[in-house]
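In: The following comprises the amino acid sequence and a computationally predicted model.
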Amino acid sequence: MPELTYLIAWWTVHTTPPAGSKRPRDAGDIVQYVVITAALAIAAVAVVAIIVAKVTAKAKSIQTQ
């Protein structure tokens, strides 16, 4: 599987910091936290929208007269 070998070599070259680099290895971890937080926020908005829709539907179905 030479494709896998090329992929591993490409990944190693592009993720290894240059010699003498002062950048910490975990400098890119913030992206993961931003993506996870955004996904949780979207899920929360969806849950609230579902609850509001169900409560509104129930309120409209109540007979007032």
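Out: Great, that's in hand.

In: Tell me where the model's unsure across this protein.
Out: 1-2, 17-21, 23-28 (pLDDT under 70).

In: for it, longest helix please?
Out: Longest among the helix segments of the chain by residue count, using DSSP state H, is helix 29-61.

In: Show me what that one packs onto, helices and strands only.
Out: Helix 29-61 sits against no helix or strand, with contacts defined as 3 or more C-beta pairs under 8 Å, 6 or more residues apart in numbering; DSSP states H and E. C-beta coordinates here come from the backbone N, C-alpha and C atoms, glycine included.

In: Centre of the chain to it, how far?
Out: 14 Å (C-alpha atoms, centre = their mean, to the nearest Å).

In: Equivalent analysis for stretch 57-65, please.
Out: 39 Å.

In: Could you work out the end-to-end span of it for me?
Out: End-to-end distance of stretch 57-65 (C-alpha to C-alpha, to the nearest Å): 17 Å.

In: Of all the residues in it, which ones are buried?
Out: Within stretch 57-65, no residue is scored as buried using 16 or more other C-beta atoms under 10 Å.

In: circling back to that earlier point, show me what counts as buried in the longest helix of the chain.
Out: Within helix 29-61, no residue counts as buried by 16+ other C-beta under 10 Å.

In: Can we start the residue count at 281 from this point?
Out: Done: numbering now begins at 281, and the last item shifts to helix 309-341.

In: Is T344 in a helix, a strand, or coil?
Out: On the three-state scheme (DSSP: H, G, I helix; E, B strand; the rest coil), T344 is labelled coil.

In: which residue is nearest the middle of this structure?
Out: Note on the chain: the residue nearest the mean C-alpha position is V315, at 3.0 Å, using C-alpha atoms, centre = their mean.
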